[in-house]
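Asker: coordinates only, no sequence provided:
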């Protein structure tokens, strides 16, 4: 089956699949996966510019970041999201840095996991997590007790690990504000940004306590 999917999927480029993301809902109040890709692309470009990374690579990777979800391989084997994105991007002739970022956007996947190695991968991973945090906080779906259906604690800690352990000099407060402003004004961007910063600082405190 995998060999068949591999052959069939490569008949269409990742980029050609982007439009179909318009029909895939990310969250009903936050739009589709296409909307999310576009927000992440804008964020990734700003983050890349602020740390001296390649903005074109960052934006290109972001605009391909969810396209492998539409492939037969990932539909059948969801755990291969990102991994297959990298392989298909290389097959399509995308820049190796862009291709690597499609896989690295999900790192770290769990506590203690490897961090993104490429600069573009780091930028995309940060932008992706910022967008998710901003959107879910904006609609009031913050973690409560043991419930964290959108994995916001993991997203926040992963983002912080990338910044701290990869020594990335980024104005986190400003980027959180920028991320929240990409959603409708009705979702109270200023209030949301303050809540996200507090939430992330709590995660940062826990991170350092655990490190002794």
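Answerer: That came through, no problem. On a predicted model such as this, the values are computed, not experimentally measured, just so you know.

Asker: before we move on, what SS does residue 57 have?
Answerer: helix (DSSP: H, G, I helix; E, B strand; the rest coil).

Asker: residues in contact with residue 15?
Answerer: 63-64, 67, 92 (C-beta atoms under 8 Å, 6 or more residues apart in numbering). Heads up, the C-betas are built off the backbone N, CA and C, glycines and all.

Asker: please redo it, this time with the cut-off set to 10 Å
Answerer: By C-beta atoms under 10 Å, 6 or more residues apart in numbering, the residues touching residue 15 are 60, 63-64, 67, 89, 92, 94.

Asker: and which of the residues you listed is nearest to residue 179?
Answerer: Nearest to residue 179 among the contacts of residue 15: residue 63, at 17.1 Å, using C-beta to C-beta.

Asker: related to what we said a few turns ago, can you pick out the most distant pair from the contacts of residue 15?
Answerer: 63 and 92 (12.8 Å).

Asker: pLDDT of the longest helix anywhere in the chain, averaged?
Answerer: Counting residues, the longest helix in the chain under DSSP state H turns out to be helix 189-210. Average pLDDT, helix 189-210: 91.

Asker: again with stretch 127-142
Answerer: On average, stretch 127-142 scores 93.

Asker: in CSV: the contacts of residue 15, plus distance to residue 38 and secondary structure.
Answerer: Below are the contacts of residue 15 laid out as CSV (distance: C-beta to C-beta, whole Å; DSSP: H, G, I helix; E, B strand; the rest coil):
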residue, distance to residue 38, secondary structure
60, 13, helix
63, 8, helix
64, 12, helix
67, 13, helix
89, 18, helix
92, 20, coil
94, 18, coil
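
Asker: can you put these in a markdown table and add neighbour count, distance to residue 47 and pLDDT?
Answerer: Below are the contacts of residue 15 laid out as a markdown table (neighbours: other C-beta atoms under 10 Å; distance: C-beta to C-beta, whole Å; pLDDT from 0 to 100):
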| residue | neighbour count | distance to residue 47 | pLDDT |
| --- | --- | --- | --- |
| 60 | 23 | 14 | 98 |
| 63 | 19 | 15 | 97 |
| 64 | 26 | 17 | 97 |
| 67 | 27 | 21 | 97 |
| 89 | 26 | 20 | 98 |
| 92 | 17 | 24 | 97 |
| 94 | 23 | 20 | 97 |
